[in-house]
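Chemist: Model the following, please.
(one chain, ligands or ions: 1)
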Amino acid sequence: MPLIERTLLGPGPSNPYPEAVQGLSAPILGHLDPEFIKVLDRTGDRLRALWGTSNPLTLPLSGTGSLGMEAAFANTVRPGDTAVIAVNGLFGQRMCEVARRYGATVVRADHAWGEPVDVQRVLDAHPSPAVVAAVHAETSTGVLSDIGALGAALRARSDDTLLIADCVTSLGGTEVAVDDWKVDAAYSGTQKCLGVPPGLAPFTFSERAWERRVEDPPVWYIDLGLLGAYVRGGSGGGRAYHHTAPVGMIAALDRTLERIQEEGMQDVAARHRAAGELLQNGLQEMGLELFAAEGHRLPQLTSVKVPEGVDSVKVRERLLTEYGIEIGAGVGEFASSVWRIGLMGHNARLDRAELVLAALRAALK
Ligand code: PLP
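Modeler: Sure thing, here's the model as predicted:
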């Protein structure tokens, strides 16, 4: 069977950076091999730089972004704790479901889809929650929220609340500053702006959260106490086996983080902004209307309304079969009225923006 190649301009996965592919094709090492431990440690250092944190517990979890979400709640929420969750799209909704399963009393701070998180609404939802959670870059709608403003407001009110941030679509595309923003647990996914295939969830956990962590979370696989003994070394300094680390994926992430570091995160973010701006201006010049609120649009994920009378599925099919380009449908009630176009990681480029604009123009004729 021939290998099929696609230009992945949907909500993820994106086409990987060449460095990720190189990392995947490197010889596989044992997960306790001293040479691999060096790669793991280096990956931790590079992730700390990208997250903007000094958190010792910073690691790639072995699973997709949703596992990061599970780990964040499993290690911070005890049965009966109040968790305030900002919901402005699908992934805020998913957080409510995950928190509920770990026994939280969930208080939703609901927003219209397409709008950013409103800090005051989150504060007003409950005076003293154990946990507040919000999505930095809502992939279902293409909206960026101000996590720094949320963290500052929460900390000004009290020291009792831990803040969880979903950075699945932001890390590697938009600058993230976990320590400055007073975020206690944050997770991402490799398949979006990090430009690595799906399979790892970069994760970071503050010392504050560590001191208050759930000692015996109900899911063994994401017990940060046990995982910490592997990434940081056990009490004797040695690496305790927990599970077999996905060494090939971690090598791919390591190589890609090196590449991002070499380009510089500021420049990487500027590249995402330039590509997103070109795409969003081009769509509007074609007469299309953007979905996300102006001033809060993600450059890496553009949501655009399907024009009246156009069959959204047919257009996506034509893009895929005639041009080899994948774009995404909308989510939930917007499944057939919105398209989502991602310019993430290796695809955050002007040529990709021009390509999808030209293909859309042809498909809409
Ligand atoms: N959070 C956000 C904002 C996402 O965009 C996604 C995936 O699209 C997830 C969480 C879940 O990640 P995954 O599908 O990698 O499990």
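
Chemist: those helices in the stretch 101-250 of the chain, which residues are they?
Modeler: Along the stretch 101-250 of the chain, the segments classed as helices by DSSP state H, counting those that start in this stretch run 119-125, 147-157, 207-211, 224-231, 247-263.

Chemist: need the contact list for the nearest residue to residue 170 once chain neighbours are set aside.
Modeler: Excluding its sequence neighbours, the residue lying closest to residue 170 (C-beta to C-beta, 6 or more residues apart in numbering) is residue 137, at 4.0 Å. (Glycine included, C-beta is placed from N, CA and C.) Residue 137 makes contact with 143-145, 166-170, 173-174, 298, 300-301 under the criterion C-beta atoms under 8 Å, 6 or more residues apart in numbering.

Chemist: Pairing partners for residue 137 in the sheet, please.
Modeler: Judged by DSSP bridges, the bridge partners of residue 137 are residue 144.

Chemist: Would you quantify the distance from it to the ligand?
Modeler: For residue 137, the distance to the ligand equals 6 Å [C-beta to the nearest ligand atom, to the nearest Å].

Chemist: Lowest mean pLDDT across the helices of the stretch 101-250 of the chain, which one is that?
Modeler: Lowest mean pLDDT within the helices of the stretch 101-250 of the chain: helix 224-231, at a mean of 90.

Chemist: Give the other helices and strands that it contacts.
Modeler: On a contact count with 3 or more C-beta pairs under 8 Å, 6 or more residues apart in numbering; DSSP states H and E, helix 224-231 meets strand 57-61.

Chemist: The strand it packs on and the ligand in contact?
Modeler: No. Applying C-beta under 6 Å from any ligand atom, one finds strand 57-61 separated from the ligand by no less than 10.8 Å.

Chemist: so what's whatever residue of the stretch 51-200 of the chain ends up closest to the ligand up against?
Modeler: Nearest to the ligand, among the residues of the stretch 51-200 of the chain, is residue 65, at 2.6 Å (C-beta to the nearest ligand atom). Each residue near residue 65 by C-beta under 8 Å, 6+ apart is listed here: 166, 168, 187, 188, 189, 191, 201.

Chemist: Can you tell me the centre-most residue of this structure?
Modeler: Centroid-nearest residue in the chain: residue 168, 0.5 Å away (criterion: C-alpha atoms, centre = their mean).

Chemist: Identify the spatial nearest neighbour of that one, chain neighbours not counted.
Modeler: Counting by C-beta to C-beta, 6+ apart, residue 168 lies nearest to residue 65, which is 4.0 Å off, once chain neighbours are set aside.
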